[in-house]
Every structure is written in C-alpha cells, then in structure tokens.
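Participant: Predicted model and sequence follow; I will ask about them next.
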Amino acid sequence: MAPLTPRLVVPIDVKKQPWEQKVPLHNRWHPDIPPVADVTEGELFRVEMVDWTGGRVNDDNSADDIKFLDLTITHYLSGPLRIVDSEGIPASPGDLLAVEICNLGPLPGDEWGYTAIFERENGGGFLTDHFPSARKAIWYFEGIYASSPQIPGVRFPGLTHPGIVGTAPSVELLNIWNEREKRLAETSQETLKLCEVLHQRPLANLPTPENCLLGKIQEGTAEWHKMANEAARTIPGRENGGNCDIKNLSRGSKVYLPVFVEGANLSTGDMHFSQGDGEVSFCGAIEMSGFLELKWSTHVILDLLAGDAVCEIIRGGMKEYLTPVGPTPLHVNPIFEIGPVEPRFSEWLVFEGISVDESGKQHFLDASVAYKRAVLNAIEYLSRFGYSKEQVYLLLSCCPCEGRISGIVDSPNAMATLAIPTAIFDQDIKPKRLNGQGPKLRRVPDLLRCSDDVHLPVTQDESGTRAPY
C-alpha cells in the first residue's frame, strides 16, 4: 500500500499574526499549556510553523525591523502535541520519546529567509564588541540552494533543520529552571566577562508576561496571569531539548527527548534553512517559516530497509538511557542521532583559535575565547577577498561551516577550529603566490543597514585595527 499523505495537525497562514492562527501557537515553556492535537502511533503527520518572530522581519531594504525587534516574543512554537500509543495511552513522565524527522522545508510560497546582527543593546551576539550595530541579509532559495544579494559571490546548499524541538517541563523542572536562572541574572555583570568585554545582553531571560502567548489559555484571565509569570522563555536549550540549534538535525535525524509530563507535549519551531556551527551572530541562521513531517510508533521497527520513519515511546527510557548529571533525576539531556542527508564538500579552509584574547591576555582553557579567536581569524582572512567584515560575520553564522573544540586539556590554551567549505565561493579563497597582485576583489552591495544608523564603539585590538561599519 502506498504511504498516506501526512495529516496536517498545525496549519500556518503566513499572512496572519501568530495569535490569529487557526491552531493556537505559544512562545513559552509551561506544563499547563494545553495540547492542540493528539498524535497516535503509526500516524504520519505534518506540523507547519511561522518563522521565530511570527513575520516581524520583512523582505525589504532596511535593518530597522532587526534593530527595534521586541525580543520578548521569542520564539513562536507550534504545539504542544500530546503523544499517545495505539491503545490511546499517553507517554508518561520517565519515558523517552524518540522523534524521527521524515521531511522538512520552507512553506510553499514563502521561500525566503534572513540572517541578522542584533543591535548591541537589543540582543547582541557572540561578537557584539566587534559588531554592535543591527544589520540584515535576505536569502532566496532555489531548491536546496541559498543566495543573497547582500553577500554576493556565495551560493550553498542548505542543511534545513528545526532550531527548536522539545517537550514540556514538569512543575518541578520549571521551578529548577527559574530558580537557577534567577540566581545567574542577579549576579553582577562585572564578574562575568568574555574576552574582557562585558556581556551586553541579559545573563538570563526570566519569565515575563510581556508578549506572552500560551496557546489555548486566554490572555488576561487569572490562569493566564499565573502561568505568564511562571513560564520559561524559549531562548536557551535546556533539559527538555528546546532551542538546541543543532544544524545536522535534518531529514532522517532522530531526537531522543525525555518526557516530564503526561503526553510529552512536544513543540517545535524556529525553522532554519541553513546554519553554521555556533550561530555566532545570534540571529545567525537563515531564519524562515517551514514545515516538519513526522511519524510516531510505539513499536520498534526492525526492517530499516523499508524506509519508514520511526518515533517510539520508550517506556521508562529516561532511567535506562539518560543518566542525571546533577542533583535530581530531572537533570538529564536529550540524545541526538544525525541523519544521512547533508551537503558534501571535499575541500575546507580551517581557521584555528586559542584562548588568548584580542588584548593578548592569556585565558585558562577557555573554549569560548578560543572559538571567538577562530571566528575572528576567519573574518579577518575572508575580508581580504572583497567582503566587509560584517558580511563575513553573517556568512559564518549561516553557511554550513564546521566548528570544533580541538583541544581542551593542553593548558593553558584551549584549541578551537572553524572549517569553511571553499566551494561555496565563486572565487578561489585559498592562499597562493600573489605575483604582485593582492587577492582583494571588491563586492557590492553590503548588508542592509538601519535608516538612522550610528557608529557605536567597538573593541580595538593591539594592532590598531577594528571591525568596519
């Protein structure tokens, strides 16, 4: 028998606001957000999703929408979905949910995306001290390929994936999140620095009722007010999975998620056409609306050659497979199984970074400093080929580059690397004998800027150079 057409359980109309959708969306984690649909064993189904902002970023010629974006909206998710077996028995706390991705992609008729740098005082990013001003690039899709008018001379296949896949937390786990993140937020920012530059964004984003969307829970009711002041923000990844931003979770991938509430209450969103390891500019993937197609089964299917996508409820799987690393049995993390589909590149240019910052100060085995140095080294190098440093920063956030922690034991230096596939460029970017001519090739235009763009201060290294605006 031919496979059935997936049942659409969460439809999206990109012309409507998130709160106007036929099936309610949500942008917080809370155990009491009601499920919007049941999904049963053996059923092939489809989930559509808005881009993480719900359509607030436009395909236009300005970065004003990025500069003034209200980040309390983060992220609009589709779900929750209540997962039941063939007998109607829901997944239970302590189970392990195995979710396999059958298919995914942009929504038909909405085949474009964007990559951006947040303003220093409104989100920031990994290199905020070097690139403090809001910028934006628009990407257009041609099948599996993406290209941008703002970063010319580059074209690459996307490894499409959902940035967020997660289950609902229990009351106990939600309290753990809120308490530990509150303690961090109350820490003096003077004591937490990256490369001697203060973090410009909040140390943690605590619950707030501002722009809180809780699915079927009616805004303004007593129940909504209680939940809105408790519900966790979706910005970081946590024990439930959530915003992990793992670029390789594409077709054929499987995620093993812990179950904390009855029915699991699975949600997903934040679809990416492509992303580099680290998503360094923060809004650094190619963000887009999209869809996922999944299939659930409570039975282990041994005939893998049949090509079925499998999702299992592994009863008691948390205890069997997830060892807590922390004070409670809830301190666990998901396991991921990478699928067989990804772009193939044969040649890479690899940039190294060590844990010595721009001032020359030695840090002890600091992988963040090492990765920052690797990214900065790549930006400096590629800017010799006609790109602005901001263009390269965004490109490294969204192209299929590979980041690695190459060494974490050889004190005092951690070692990180960033590998860039050379085939994505329309010119040879490898070092070679110059014969009196430099490698620079002018590229126009540059990234989209804001209408009231101002020059903000940036970190200046010991050589006296600095990131251009």
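Facilitator: The structure has been received and is ready for your questions. Please read these numbers as outputs of a predicted model, since none were measured by experiment.

Participant: Please enumerate the helices of the protein.
Facilitator: Using DSSP state H, the helices of the chain run over 64-67, 171-185, 222-228, 317-321, 367-382, 389-398.

Participant: With just CA atoms, put the second one into PDB.
Facilitator: When you say that, I think you mean helix 171-185. Extracted as PDB, the C-alpha positions of helix 171-185 are listed here (Å, rounded to 0.1, in the frame of the first residue of the first chain):
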ATOM      1  CA  VAL A 171       6.300  21.900  37.600                       C
ATOM      2  CA  GLU A 172       9.400  20.700  39.400                       C
ATOM      3  CA  LEU A 173      11.700  21.100  36.400                       C
ATOM      4  CA  LEU A 174      10.200  24.600  35.600                       C
ATOM      5  CA  ASN A 175      11.000  25.700  39.200                       C
ATOM      6  CA  ILE A 176      14.500  24.400  38.800                       C
ATOM      7  CA  TRP A 177      15.000  26.500  35.600                       C
ATOM      8  CA  ASN A 178      13.500  29.600  37.100                       C
ATOM      9  CA  GLU A 179      15.500  29.500  40.300                       C
ATOM     10  CA  ARG A 180      18.900  28.800  38.800                       C
ATOM     11  CA  GLU A 181      18.500  31.400  36.000                       C
ATOM     12  CA  LYS A 182      17.200  34.000  38.500                       C
ATOM     13  CA  ARG A 183      20.400  33.400  40.600                       C
ATOM     14  CA  LEU A 184      22.500  33.900  37.500                       C
ATOM     15  CA  ALA A 185      20.600  37.100  36.500                       C
END
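
Participant: Mind listing residues that contact that helix?
Facilitator: 29-31, 169, 202-207, 230-232, 238-240, 260, 328, 330-331 (CB atoms under 8 Å, 6 or more residues apart in numbering). Any C-beta I mention is one placed from the backbone N, CA and C, and that applies to glycine too.

Participant: pLDDT (mean, whole number) over it?
Facilitator: For helix 171-185, mean pLDDT is 96.

Participant: Also the last one?
Facilitator: For helix 389-398, the mean pLDDT works out to 97.

Participant: gap between residue 25 and residue 174?
Facilitator: Residue 25 sits 19 Å away from residue 174, going by CB to CB, to the nearest Å.

Participant: Those two: which has the busier surroundings?
Facilitator: Shown here are residue 25 and residue 174; by other CB atoms under 10 Å, residue 25 has more neighbours (25 against 22).

Participant: quick one on the thing from earlier: and of the helices of the chain, who's closest to residue 433?
Facilitator: Residue 433 lies closest, by CB to CB, to one member of those: helix 367-382, at 16.7 Å.

Participant: Taking their axis directions, that closest one and helix 389-398 sit at what angle?
Facilitator: Going by axes from the mean of the first three to the mean of the last three CA atoms, to 10 degrees, helix 367-382 is angled at 120 degrees with respect to helix 389-398.

Participant: Enumerate every residue touching the spatially closest residue to residue 137 that is not a sequence neighbour.
Facilitator: Using CB to CB, 6 or more residues apart in numbering and skipping the chain neighbours, the partner closest in space to residue 137 is residue 150 (4.0 Å). Residue 150 sits next to 136, 137, 138, 391, 445, 446, 447, 448 when contact means CB under 8 Å, 6+ apart.

Participant: Kindly report the same for residue 332.
Facilitator: Residue 332 is in contact with 239, 258, 318, 322, 323, 324, 325, counting by CB under 8 Å, 6+ apart.

Participant: Tell me what the second one is bridged to.
Facilitator: Spelled out, it's residue 258. Beta-bridge pairing for residue 258 (DSSP bridges): residue 96.

Participant: My understanding was that it contacts residue 240; is that so?
Facilitator: Yes. If you go by CB atoms under 8 Å, residue 258 and residue 240 touch, sitting 6.8 Å apart.

Participant: For those two, list the residues in contact with both.
Facilitator: 167, 334.

Participant: Quick check: residue 246 touching residue 336?
Facilitator: Yes. In this structure, residue 246 is within contact of residue 336 by CB under 8 Å, at 6.1 Å.

Participant: Show the model's pLDDT score for residue 342.
Facilitator: Looking at residue 342, its pLDDT is 89.

Participant: Adjust the sequence numbering to begin at 691 for everything that follows.
Facilitator: Renumbered: residue one is now 691, and that last one reads residue 1032.

Participant: can you count the residues close to the closest residue to it other than its chain neighbours?
Facilitator: Leaving out its chain neighbours, the residue that sits closest to residue 1032 by CB to CB, 6+ apart is residue 849, at 5.4 Å. The number of residues packed near residue 849 is 20, by other CB under 10 Å.

Participant: just residue 1072 next, same as before
Facilitator: Using other CB under 10 Å: residue 1072 sits among 22 other residues.

Participant: For it, list the residues it contacts.
Facilitator: 1082, 1085, 1110, 1119.

Participant: With residue 1116 instead?
Facilitator: Residue 1116 is in contact with 843, 844, 845, counting by CB under 8 Å, 6+ apart.

Participant: cool, and residue 744?
Facilitator: Contacts of residue 744 by CB under 8 Å, 6+ apart are 707, 708, 715, 763, 766.

Participant: rerun at 6 Å
Facilitator: By CB atoms under 6 Å, 6 or more residues apart in numbering, the residues touching residue 744 are 708, 766.

Participant: Look at it and report its pLDDT.
Facilitator: With respect to pLDDT, residue 744 has a value of 97.
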